[in-house]
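>>> Got a predicted model here, sequence first, then my questions.
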Amino acid sequence: MTAFILRRLGTLVPMLLAVTLLVFALMSLAPGDFLTPVKAQRDINPALIAELQKSFGLDRPWYEQYLRWLGNIVRLDFGYSWTYKVPVAELIAQRAPATILLSLCSLALAWGLAIPLAVLAAARPGSWIDRLTSSAAYFALAIPEFFLALLAVWFAAQTGWFPIGGLTSLDHDFLPLGARFLDVAWHLILPTLVLGLGGVAGTLRVLRANVLDVLRAEYVTAARAKGLPEKIVLFRHVLRNALNPLLSTVGYAFAGLLSGSLLVENVMNYPGLGRLVYEAFIREDQFVVLGSVMVGCTLLVIGNLISDLALAWSDPRVRYGR
Amino acid sequence: MFRLVFLFLLPLIFSACSKPPAVTREDHPLPDGVDTARVEPGRRGGVFIQSVPGEPSTFNPLVSEDATSGGFISLFLDSLTRYNAVTQEVEPGLATRWDVGKDNKTFTFHIRPDIRWSDGAPFSADDVLFTFQAIYDTRYPNRSAFDLSVDGKPFRIEKIDDLTVRITTPEIFAPFLEYVGGVGILPKHRLEPAFRDGTLQKAWNVSVAQHQPETLVGTGAFRLRSYQPAERIVFEANPHYWRADSAGVRLPYVDFLVTKLVKDINASTLAFATGQTDAEGLSPDNVAWIERFAKRYDFLVHNRGPSPNTGFIWFNQNPGKDSSGQPFVQPHKLAWFTDRRFRQAISHGIDREGIVKGVLFGRGQPLWGPETPANKKWYNPDVTQYPYDPARARALLAEAGFKLGEDGRLRDAQANVVEFTLNSNQENQLRVNMATVFKENMRDLGITVNLAFLDFGTFVGKIQDSFDYEAGLLGLTGGGDPAGGMSVFSSKGRLHQWYPNQKSPATPWEARIDELMSLQLRTLDYATRRKYFNEVQKIMSDETPYIYLVTANAYVGLKDRWKNIQIPPLGSLVWNLDELWTVFTP
C-alpha cells in the first residue's frame, strides 16, 4: 500500500514539470508582459522600466527565466507576486479560505440534496418525484455555471433579497460577532446555490442509476423477505452499496476545492482565489499563475489518490500494490 | 423548518435596522501649526462610501506604479506641498510656506510646528530627510527617484533645524513644487528598521495592511482601519490631522471612508447606479441611463467638462528596418506619411462633430492639440484647427500629387493605391467606434482604411518594440505639468509614437520642439514656460504628427447629502474629502 502511494505521488513530479513548462511557454508566447501597462504610461522614465525589467528577469529568454524559477522551487521558494510584492504562498493562503468555504458549502449542498433525492427517485422509478428530479437535473446540467451566476446577480439586483456579490456587508466590521456570522451566511447563499446546483444534478443522476442497479441485487430481495422495513433496506443496504462509485468523485471534488469556482467567483465578485488567479493571468503576474497551477495539479493528484484509497477501504474487492 | 426560515430572516432584520455604531473619536489638542480650512463649518459624522475597480497592489509609495494604489496612499500620506486640483495651484501642505533662493534652485521649506503622525509621534524635518534618503537609495528603485532628479542627478536635502528643510536642485527644475507635492512623507520612526536591513520595499505591502493596519502611520486626513483583500478598505479619521475648520473642529468631518473593491469598472458603475456608493466617475456613454436613477437614490450627475484624455490617430513615420532588413513601413507609404500635406488632408477629412454626436452622444468636443481644456493652466486655445472639409482635403491631396481615379480610388504620383491599416486596441469600445467613423470618412476621399483591433499588449508591442504597423489610434491622459509630456514630445521619447527613440531629431520642427521642451524645464517663471509650451502645442497642430480627434466630457455622480463638495476638472472625483460633511447620518 505504501509503495502504491509513493508511486502515485512520484508521478506528480514529471507532471508538474510538464504543466509548468507548458504554462511558462504559453505565457511567454502571449503578447506583452507584466510591464506592458507601465510602458504605456507617459510619465514613467525609461530607465525605471529597464531597471524593473532587469529585476524581474524579463530581459532574459523565457527558458532561462523558467530554469531560474525551477531552481527556486527546489528550495521551496515559490517566488513573489510582482503586483503585490508578497510571497506567492502567502498570497494564496490569504485568499484560499474564502474559496474553500464556498467549495465546501456547495459540496455539502450537492451531497445533502442529491443523496436523499436519488434514493427516493430510484425507489419509485417513473413516479412523479422521479420524473421531476430527472428533468430538473437535465435543466441544471444544461445551464452553464457562469450563466447561472449572471442570473443570480440579476435576481439579487431585481429583488434586493440578497447582496450583489461579495462575502461580507460594508458594515461587517462594526457588527457584533453573531451578526457577522449571519452576514457571511447570507452572502454565501447565492454563490453556493450557483456552484452547487450542477453538482446536485450530476450526483443525482449517477446515484439514481446505481441505486436502481443495486435494488435488483439478490441480497435486497433477501432483506425485504426478512421483513426489514423499506427505510432500512433503502438507506442501510442499498445506499451503502450504491455509494461506491461516488467515492471516486470525492477525489475530483477535492481537486476542485480551490479551482472549481473560478468562473463563479469572477462573475459574482466573490473575494476568493479564483479572482486572484484570473487577475494574475490578465496581468501576466507569472509566479502567481505558476503557483496556482501547481497547487491545482497537486490537489488533482492527491484527490485521485484519496478516492482510490477510499474505494479500497470501502470495497474489499479492490486491491492495490503487489 | 421554523429555524430555517428564521436563519433566512435574521440577516434581513439586521440589515434593516443596522445603525452605524456610536463613534467616539479620540480628542487631541490642535497643533500650533494647524491649517484652517476656508469652508463653511460643518458637522462631524457619517460614512463616505465609494467603490474602486481592481485592487491596491501595495500601500508603499516606493513600490506603487498604478493609480489605484497611489489613490489610497495619498489618503494617509501627505506631502510638503499640496496640489489644489480645482485651482491647479500649489498650496501649503505639511510646510506652511517656502522661500525660493535667488538662484531659483534652493527651496527652503518651513514645516508646521507641533504636528503629529497618526500614532501620536511628533513630525519633524528628520522624517523629510528620511523620505528622500529612501527614495534615492539604489536598493529601492522607484518612480519618484527618476522624477526627482535632473539628468540623473538627485536633489540635495539638508536639515536646517527641526522645522526647516532646504532642498537644492542641480539645475533649475520647473515642476519642482508640483513634484514635491507628490512625495508622501514617510514616518522615520516606523520605517527606519526596514530601510536599514534592505526590506523597505516589502514594508507596507497588502499582507501587512491586512494584518497590522495600525502600522501604516501617516499624516493624511485618514488612517487605515482595516483591509480585506478583494472586499473593502476602511479608513477612519486621523485624530492627529493638521487641518481644522474655522470653528476649531478638527477635520475630516466624516468618521469613516469605506471603499468597496469590485471586479471592474462596470461593477463599480452599477454599484453607484443602485445607490450603494456615494461617488463615482462616469463615462459619457453611461450618463443617460444612470440619470434615470437619480431621483430614486438621491444623487446628481455633475458634468466636469472636458476630460484630460486625448484621442488621436497617427501614422508610423519610422524609417528604420527590422532585423531581416525589411523596412518597417513600405517606402511609398512612408513617403505619404511623412508628407505634412497628406496628414493635414486626412485631418480635414475627419468629421469630428459626427464622432462627438455618434460615438459620445454629444458629450464631448473636437480636439485640435495635445492638451484638452481641462488643463486650464497649460491649454493653448490658439492652435491650428482642421474643420471637416472634404473639398479642402481633396485640394491638399491634389497638391501633394495624389489623383482620384475613375474607379473612385485615390492614387499617388506613382499610381499606388492609397490604402492603409489602422490598429487600435479592442478593449476600448469608444476607440473601436471612432475608428469605424474614421474609415467611413476616409472612404469619401477615396482612401481605403482597413481596421485591425488588437489586444492592448500586442498593440503596445508594435508601437514600442517591433514598429511593424502603418497607423494607430490611441489615447493618452494629458493634464498636469508639461514636464510630464517629455516622453511624448521629445524626439528621444519612448512615447513619441510616430517615430520614437530618435538619435537626433528627424525634422527641423521636431528639433524645435526638443529645444522648447528643454527651455521650459529650465525656468520657474510661469509666463515664460507657458509661452514655450504654447509654441509646442502650436507646432504639434501645424505638423499634425498626431491627428487629434475628440475629447469626451467627464462626469461625476454624487449623492445629494454631501456638503462642501469641490469637484476638480481632472484627477480625483472629490479633491477635498476632508472637508465633506453631511446633514443626515445614514
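Here it is on my side, so go on. Numbering: from 1, shown residues only, chains lettered A, B, ... in the order given.
>>> Chain B versus the residue nearest to A:Gly57 when sequence neighbours are not counted, what's the distance?
Nearest residue to A:Gly57 in three dimensions, chain neighbours excluded: A:Gln65, at 5.2 Å (C-beta to C-beta, 6 or more residues apart in numbering or on different chains). Placement of C-beta: from N, CA and C, glycine included. A:Gln65 sits at a distance of 17 Å from chain B (criterion: C-beta to the nearest C-beta, to the nearest Å).
>>> how about A:Gln65, what does it touch?
If you count contacts by C-beta atoms under 8 Å, 6 or more residues apart in numbering or on different chains, A:Gln65 has them with A:Phe24, A:Ser28, A:Gly57, A:Leu58, A:Gln286.
>>> Filter these down to the buried ones, ChimeraX style.
To isolate the buried subset of those in ChimeraX, counting by 16 or more other C-beta atoms under 10 Å in any protein chain shown, use the following:
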select /A:24,28,58,286
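>>> could you dump the contacts of A:Gln65 to CSV with secondary structure?
Output for the contacts of A:Gln65, formatted as CSV (DSSP: H, G, I helix; E, B strand; the rest coil):
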residue, secondary structure
A:Phe24, helix
A:Ser28, helix
A:Gly57, coil
A:Leu58, coil
A:Gln286, helix
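>>> ok so, going back, locate the residue nearest to A:Gly57 within the secondary structure: which element?
Counting by DSSP states H and E, the element that carries A:Gln65 is helix A:62-74.
>>> Show the subsequent helix or strand relative to that helix.
Taking DSSP H and E, what comes next after helix A:62-74 is helix A:88-123.
>>> Now that next one: average pLDDT?
Helix A:88-123 carries an average pLDDT of 89.
>>> Check which element follows it along the chain.
helix A:128-142.
>>> in the helix or strand that that next one is followed by, what counts as buried?
Following helix A:128-142 in sequence order, the next helix or strand is helix A:145-159 (DSSP H and E). Using 16+ other C-beta under 10 Å as the test for burial, helix A:145-159 gives A:Glu145, A:Leu148, A:Ala149, A:Ala152, A:Val153, A:Ala156.
>>> Provide a list of residues in contact with the last one.
Meaning A:Ala156. Here A:Ala156 is in contact with A:Phe162, A:Pro163, A:Ile164, A:Leu190 (criterion: C-beta under 8 Å, 6+ apart).
>>> Now rank the residues you listed by neighbours and give me the top one.
Counting neighbours by other C-beta atoms under 10 Å in any protein chain shown, the top entry in the contacts of A:Ala156 is A:Leu190, with 24 neighbours.
>>> Could you find the closest non-adjacent residue to it?
Once flanking residues are discounted, A:Leu190 sits nearest to A:Ala152: 4.7 Å by C-beta to C-beta, 6+ apart.
>>> which bits of the stretch 1-150 of chain A sit near chain B?
A:30-33, A:36-49, A:51-52, A:55, A:83-86, A:90-91, A:94-95 (C-beta under 8 Å from any C-beta of the partner chain).
>>> repeat that with 7 Å
A:31-32, A:36, A:38-40, A:42-48, A:51-52, A:55, A:83-86, A:90, A:94-95 (C-beta under 7 Å from any C-beta of the partner chain).
>>> Mark which of these are buried, thanks.
Using 16+ other C-beta under 10 Å as the burial test, the residues of the stretch 1-150 of chain A next to chain B include A:32, A:36, A:38-40, A:42-45, A:48, A:51-52, A:83-86, A:94-95 as buried.
>>> of the contacts of A:Ala156, closest to chain B?
Of all these, A:Ile164 has the smallest distance to chain B: 7.5 Å, by C-beta to the nearest C-beta.
>>> what about the helix holding A:Gln65, average pLDDT?
Mean predicted confidence for helix A:62-74 is 87.
>>> Going by neighbour count, list what's buried in it.
Judged by neighbour count (16+ other C-beta under 10 Å), helix A:62-74 contains these buried residues: A:Gln65, A:Tyr66, A:Trp69, A:Ile73.
>>> what two of those are the furthest from one another?
A:Gln65 and A:Ile73 (12.7 Å; C-beta to C-beta).
>>> Now for the residue in the stretch 351-500 of chain B that chain A sits nearest to: which residues touch it?
Closest contact between the stretch 351-500 of chain B and chain A, by C-beta to the nearest C-beta, is at B:Gly457 (2.1 Å). Residues in contact with B:Gly457 (C-beta atoms under 7 Å, 6 or more residues apart in numbering or on different chains) are A:Pro31, A:Gly32, A:Thr36.
>>> coming back round to it: columns pLDDT on top of the buried residues of helix A:145-159, output as JSON lines?
Shown next, in JSON lines, are these (pLDDT from 0 to 100):
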{"residue": "A:Glu145", "pLDDT": "86"}
{"residue": "A:Leu148", "pLDDT": "90"}
{"residue": "A:Ala149", "pLDDT": "89"}
{"residue": "A:Ala152", "pLDDT": "90"}
{"residue": "A:Val153", "pLDDT": "86"}
{"residue": "A:Ala156", "pLDDT": "87"}
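>>> Closest one of those to chain B?
Closest to chain B, out of all of these and judged by C-beta to the nearest C-beta, is A:Val153, at 9.3 Å.
>>> So which helix or strand of the chain has the lowest pLDDT on average?
Went with chain A since none was named. Every helix and strand of chain A was ranked by mean pLDDT, DSSP states H and E. The lowest is helix A:244-259, at a mean of 77.
>>> Also compute the angle for it relative to helix A:88-123, please.
150 degrees (axes from the mean of the first three to the mean of the last three C-alpha atoms, to 10 degrees).
>>> May I ask you to confirm that the residue of the stretch 351-500 of chain B closest to chain A belongs to a strand?
No. B:Gly457 is assigned helix when assessed by three-state DSSP, not a strand.
>>> quick one on the thing from earlier: tabulate the contacts of B:Gly457 (TSV), appending secondary structure, distance to B:Asp137 and pLDDT.
Putting these into TSV (DSSP: H, G, I helix; E, B strand; the rest coil; distance: C-beta to C-beta, whole Å; pLDDT from 0 to 100) gives the following:
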residue	secondary structure	distance to B:Asp137	pLDDT
A:Pro31	coil	35	76
A:Gly32	coil	30	77
A:Thr36	helix	27	81
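>>> Out of the residues you listed, which comes closest to chain B?
A:Gly32 (2.1 Å).
>>> Contacts only, for that closest one.
A:Glu284, B:Gly457, B:Thr458, B:Val460, B:Gly461.
>>> Now the fourth one. Its backbone dihedrals?
Listed backbone geometry of B:Val460 is phi -60, psi -40, with angles given as degrees, to the nearest 10.
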